[in-house]
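When you get a sec, could you give me coordinates for this:
(2 chains)
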Amino acid sequence: MTPEPIHGVTRRQALAMGGGLLAGCGLGGLYLGMDSVASASSGGVLRPPGALDERAFLSACIRCGQCVDACPFGTLRLTDLTVGLKKVGAPTFEASETPCYLCQGYGELLCIEACPTQALGPVADPREVRIGLAVIDQDICLAYNGAMCRACWHACPYPDEAIKYNEMLRPFVCAETCTGCGLCEYACPTETKSIVIEADAERVHGGHGRRGSGRGNGRRGRG
Amino acid sequence: MIAHHGKHEHHSHGPAKRPMLRRWALWRRATAALFLGALVCSQFDWFPWFGGSTAGTRLLGVVPFVDPLAAIEVAVATRHVEATMLIGAGILIGAAMILGPVFCGFVCPMGLALDLNQVVRRLFQRVVFRKKVRTAMPTRVPNWVRYGLLGFFVGFAALYGLPLFQTVSPINLLSRGLVFGVWGGLLFVGVIVVVEWFVPRLWCRALCPLGALYSIIGRWAVLRVRIDPHEAGKIRCQQCQIRCPMGIPIMRTYTLGKELAVWDPSCIRCGDCIDVCPRSVLGLRLTRFPEKHEREASGAVELTVGGGQLNGASKARSGGTLVDPLDHSQSVSRAETGASL
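Numbering: from 1, shown residues only, chains lettered A, B, ... in the order given. The predicted model follows:
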């Protein structure tokens, strides 16, 4: 009987592993070349509080769903196959259905606590969360069209800081302090929401609203 | 099992098979089902046992468990290792170093699904096609492909910075689908289930990179399918290697090769070979992985022990006769032995 290579990995398996490694790198490089510009934005998908910038977030997220289990408000859900291969299984939420309550009444942001890989990075204060930026559509906003409405202001966890009123009693969003929690969008009474959280909205002041950890950026430089 | 025996033999002798409660198949399905059930129930507040899914979970919200492959992919993708991730993956890697790829046999939800799929398939063949004799698992499924896939996914993560396997892994798709209600991924699981009616255990044997990783980690594991040297090779019924879901030539290489245990790294400790063995040759035991010189000089053991015949030498090597506490039908009738020999 010919002795089979029974102990551990055979040469063929090791070769296959090396070949697969090369193939993975090659295909990854190809993908990277095609995709380098587009994927830095989340494509309008809202991520949980503390999420790194989209690329670093998708690198670090293992799609385990512990943040979803941890959320006491049932805000988060995992994305299905429809959103594209990269984003499958990553957590997201729909502000008009269930906004992020920033764990008010809890000591800490529970999704961040649950994340095993710190794809959701630590946040010192819920005020520092930057999920996105609320943007008001002045064409349909009731307050801009003659009605007396303060729904968004009442819903906002930081009224007079994130949402303010001008002398005409019309709301505007302060880009520096808005957390993008989506409570305003949830509360907005118009049929088409006239205040919407935009994940990729450029902030006028104070950068893009992402806390750069440097992890994603360093990696991007290599590609 | 032994075709020419006839039916009356089977009825009179009875326990060629182990009683249900003493079968590993029952217990491993029970543990896998319990774990999956715990995952599913953990999305409710009243059951905080295992939040998350197979990629990462947390026992009672305290002890983290992270899929080792997920941890490697993330570490390679982000060039950064988190403490929680390290602990969570370290626990599982440590367990696999001692116990081998028991995750595959006893925990993996995909393994459970494919296992039950094979049960249904065998039942179908018996009832519809009136098939009496077990057919061997095709042994020519290329085992090395999954090692290639393991390399592929790690390489992809290294360069592209995306833990791709965590998005497409049917293990995760299945557990995520059941736990979080994202059903789209179950399509892929369904495809594998259908394919496995034609190529049994294709996923576990040929494709699963997580299984490949566990095989590498558990290479020197001490929990092994031990072989009783006295009973080994007496019947040569081949039931163990016919039934083995990983296609390991248990009898050809290990039992007849007078090995102490099944050393094949792809063995998932499912216990199927133990369950079907009519002479209880096999049993799950803690066995020290032999040193290199011991392995090479398996013939020289006789000299070192001295005096005994081959069986005696093997007996001394294994430290006594192997008695399986799970099995009380150790003494299967001699008649059966004679008939099949």
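
what about B:Leu116, neighbour count?
When neighbours are counted by other Cβ atoms under 10 Å in any protein chain shown, B:Leu116 registers 14. Any C-beta I mention is one placed from the backbone N, CA and C, and that applies to glycine too.

contacting residues around the residue nearest to it when sequence neighbours are not counted?
Leaving aside its chain neighbours, B:Leu116 sits nearest to B:Arg29 (7.3 Å; criterion: Cβ to Cβ, 6 or more residues apart in numbering or on different chains). Each residue near B:Arg29 by Cβ atoms under 8 Å, 6 or more residues apart in numbering or on different chains is listed here: B:Leu112, B:Asp115, B:Leu116.

And the helices in chain A?
With helices called from DSSP state H, chain A shows them at A:11-35, A:54-60, A:66-70, A:110-114, A:151-155, A:183-187, A:215-222.

helix/strand/coil for the residue positioned nearest the centre of chain B?
Geometric centre of chain B, nearest residue: B:Ile268, 2.1 Å, by Cα atoms, centre = their mean. Under DSSP: H, G, I helix; E, B strand; the rest coil, B:Ile268 falls in the coil class.

where does the stretch 201-341 of chain B have low pLDDT?
Scanning the stretch 201-341 of chain B for pLDDT under 70 picks out the ranges B:291-341.

Domain-wise, how is chain B divided?
Split into domains by automatic domain parsing, chain B comes to B:26-216, B:222-340.

Give me the neighbour count for B:Arg126.
As a burial measure, B:Arg126 scores 12 neighbours (other Cβ under 10 Å).

oh, I was asking about A:Ile136
Going by other Cβ under 10 Å, the residues that sit close to A:Ile136 add up to 21.

The residue nearest to it when sequence neighbours are not counted: how many residues sit nearby?
Nearest non-adjacent residue to A:Ile136, counting by Cβ to Cβ, 6+ apart: A:Ile195, 4.9 Å away. For A:Ile195, the neighbour count with other Cβ under 10 Å is 26.

Can you check the pLDDT for A:Ile195?
A:Ile195 carries a pLDDT score of 89 in this model.

you'd agree A:Glu198 is up against A:Gly44?
Yes. Between A:Glu198 and A:Gly44 there is a contact under Cβ atoms under 8 Å: 7.1 Å.

re earlier: point out the most buried one among the domains of chain B.
Among these, domain B:26-216 has the highest mean neighbour count (mean count of other Cβ atoms under 10 Å in any protein chain shown), at a mean of 20.

What's the end-to-end length of that one?
Terminal residues of domain B:26-216 lie 27 Å apart, using Cα to Cα, to the nearest Å.

cool, stretch A:122-137 as well?
32 Å.

any weak-confidence spans in chain A?
Scanning chain A for pLDDT under 70 picks out A:1-10, A:28-43, A:201-223.

who's in contact with A:Leu183?
With Cβ under 8 Å, 6+ apart, A:Leu183 has these contacts: A:Pro99, A:Cys100, A:Tyr101, A:Ala155, A:Cys156, A:Pro157.

need the residues you listed in a markdown table with neighbour count and distance to chain B, can you?
Formatted as a markdown table, these follow (neighbours: other Cβ atoms under 10 Å in any protein chain shown; distance: Cβ to the nearest Cβ, whole Å):
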| residue | neighbour count | distance to chain B |
| --- | --- | --- |
| A:Pro99 | 24 | 19 |
| A:Cys100 | 29 | 17 |
| A:Tyr101 | 18 | 16 |
| A:Ala155 | 19 | 25 |
| A:Cys156 | 25 | 28 |
| A:Pro157 | 19 | 23 |
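
ok, those vs B:Gly56, which is closest?
Nearest to B:Gly56 among those: A:Cys100, at 21.3 Å, using Cβ to Cβ.

Excluding chain neighbours, give the residue nearest to that closest one in space.
Closest to A:Cys100 by Cβ to Cβ, 6+ apart is A:Cys181, at 4.5 Å.

Show me how far the helix or strand containing B:Arg121 is from its chain's centre.
Following DSSP states H and E, one finds B:Arg121 within helix B:109-128. Remark: helix B:109-128 is offset 16 Å from the chain centroid, using Cα atoms, centre = their mean, to the nearest Å.

Packing partners of it?
Packing contacts for helix B:109-128, counted by 3 or more Cβ pairs under 8 Å, 6 or more residues apart in numbering or on different chains; DSSP states H and E, involve helix B:24-41, helix B:170-180, helix B:186-195.

B:Phe106: which of those is closest?
B:Phe106 lies closest to helix B:24-41 among those, at 4.7 Å (Cβ to Cβ).

That closest one vs helix B:109-128, what angle?
Our comparison of helix B:24-41 with helix B:109-128, counting by axes from the mean of the first three to the mean of the last three Cα atoms, to 10 degrees, yields an angle of 130 degrees.

In three-state terms, how would B:Pro64 be classified?
With three-state DSSP as the basis, B:Pro64 sits in strand.

residue contacts, it?
Going by Cβ under 8 Å, 6+ apart, B:Pro64 touches A:Pro116, B:Gly56, B:Thr57, B:Arg58, B:Thr84, B:Met85, B:Ile87, B:Gly88, B:Ile91.

Kindly state the beta-bridge partners for the second one.
Following DSSP bridges, B:Gly56 is listed with bridge partners B:Ser53, B:Val66.

Tell me how many other residues crowd A:Glu97.
A:Glu97: 12 neighbours (other Cβ under 10 Å).

Give me the distance between it and A:Cys103.
In this structure, A:Glu97 and A:Cys103 are 18 Å apart, going by Cβ to Cβ, to the nearest Å.

With B:Gly190 instead?
Computed as Cβ to Cβ, the B:Gly190 to A:Cys103 distance reads 38 Å.

Surely B:Ser53 touches B:Leu173?
No. Using Cβ under 8 Å, B:Ser53 is not in contact with B:Leu173; the gap is 9.6 Å.
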